[in-house]
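**Student:** The following comprises the amino acid sequence and a computationally predicted model.
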There are 2 protein chains.
Amino acid sequence: MFSKSTEYALRATIYIAQKSSEQNKLGINAIAAAIDSPLSFTAKIMQLLSRGNRVVSSVRGPNGGFFMTEKAMKLPVRSVLDQMGEDEVLEKCILGLNKCSESKPCPMHAEYRQIKLDMIRLFETKTIEQLAADLKEGEVYIGNKNK
Amino acid sequence: MFSKSTEYALRATIYIAQKSSEQNKLGINAIAAAIDSPLSFTAKIMQLLSRGNRVVSSVRGPNGGFFMTEKAMKLPVRSVLDQMGEDEVLEKCILGLNKCSESKPCPMHAEYRQIKLDMIRLFETKTIEQLAADLKEGEVYIGNKNK
DNA sequence: CTAATTAAAGATAAATTTATCTTTAATTAG
DNA sequence: CTAATTAAAGATAAATTTATCTTTAATTAG
């Protein structure tokens, strides 16, 4: 569904939403360990995710790290996809046609239409905060670590 | 959503379903032109798609080419995904966790669950034949050609 | 001001996917 | 049997994604 970069970004965002605050920032080491992702690659992804301080914010230097503001916590999950440049997954034709549209539908268009709408609704309605609240303490987001 | 290989495979399958029969096979040149895909890469994909003669069948030599049997036309669209080894898209966790399950759900599991079920239902219910019937004559599957 | 700490930026490499080209095998028409 | 035609198979390359490592810039504590 999503690229690995976006998967890491989603997991990191949920973890930061749950564990961080402006007073308690998280370092890249803690984040990568928590979400079971490669350290340096995750650092790159955090650059993208925090650029503009829209979804995740970052501060350099001692006591620096990544965190989310109360306001950012209220953002829809879709804002993570937007930030990662992967929101087109929610718009693309399932057959990969760029001419596919309501007026010129591909043979799967009508069938796939509702599913796409449901996905858009999910990612636009659900907030990051809500996902963080669903997260069982120190359990789920650690991914493949205890495989 | 799907890889380019799978997108080409889906488009080729729909085209073959509409235009071919055991008496009227389609060559790789005709297929690649029709679905606006790179010739040699499409040839590779057709190898995967026709191996085992499950979904698409192939015959070499003069008057050879690709075609579908009446029986294969009745297969669900999912069989194309299976043949391309991309059916896991329908099963995978949206956060990329391989431990994610009903009993150990990730924070998006409950929310994404129904969408995944809808997708599985769509790809298992809709047949290739039905898609081919929806196809407007020589129009839609040609993809980016007339961009 | 200096040293320490942290993320940002940049250079590079490994892995995977997409794409191309050449050779081989199967099949048919004559 | 021979030549022609077609897909299969294999070798290789280009592009993209994933990953790693090094250097730089910002910030803080002392």
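**Tutor:** Done, it's in. Given the structure is predicted, the values throughout are model-derived calculations rather than measurements.
**Student:** need the residues of chain A near DNA strand D, please.
**Tutor:** A:3-5, A:8, A:37-41, A:43-44, A:59-64 (C-beta under 7 Å from any atom of the strand). Quick note: C-beta positions are derived from backbone N, CA and C, even for glycine.
**Student:** among these, which are within reach of DNA strand C?
**Tutor:** A:40, A:43-44, A:59-64.
**Student:** just curious, which of those is nearest to residue A:135?
**Tutor:** Of all these, residue A:43 has the smallest distance to residue A:135: 22.6 Å, by C-beta to C-beta.
**Student:** And for that closest one, nearest residue in space, chain neighbours not counted?
**Tutor:** Leaving aside its sequence neighbours, residue A:43 sits nearest to residue A:28 (C-beta to C-beta, 6 or more residues apart in numbering or on different chains; 5.0 Å).
**Student:** So that neighbour sits against residue A:39, correct?
**Tutor:** Yes - here residue A:28 reaches residue A:39: they are 6.9 Å apart, a contact under C-beta atoms under 8 Å.
**Student:** The two: which is more packed in?
**Tutor:** Remark: of residue A:28 and residue A:39, residue A:28 carries more neighbours, 19 against 11, as counted by other C-beta atoms under 10 Å in any protein chain shown.
**Student:** so what's the more buried one up against?
**Tutor:** Contacts for residue A:28 (C-beta atoms under 8 Å, 6 or more residues apart in numbering or on different chains) come out as A:39, A:42-43, A:46, A:65-66.
**Student:** swap the cut-off to 10 Å and go again
**Tutor:** A:12, A:39-40, A:42-47, A:58, A:65-66 (C-beta atoms under 10 Å, 6 or more residues apart in numbering or on different chains).
**Student:** can you check residue A:70 too?
**Tutor:** Applying C-beta under 10 Å, 6+ apart, the residues contacting residue A:70 are A:21-22, A:129.
**Student:** Whichever of those end up buried, select them in PyMOL.
**Tutor:** Buried residues within those, by 16 or more other C-beta atoms under 10 Å in any protein chain shown, are selected in PyMOL with:
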select buried, chain A and resi 129
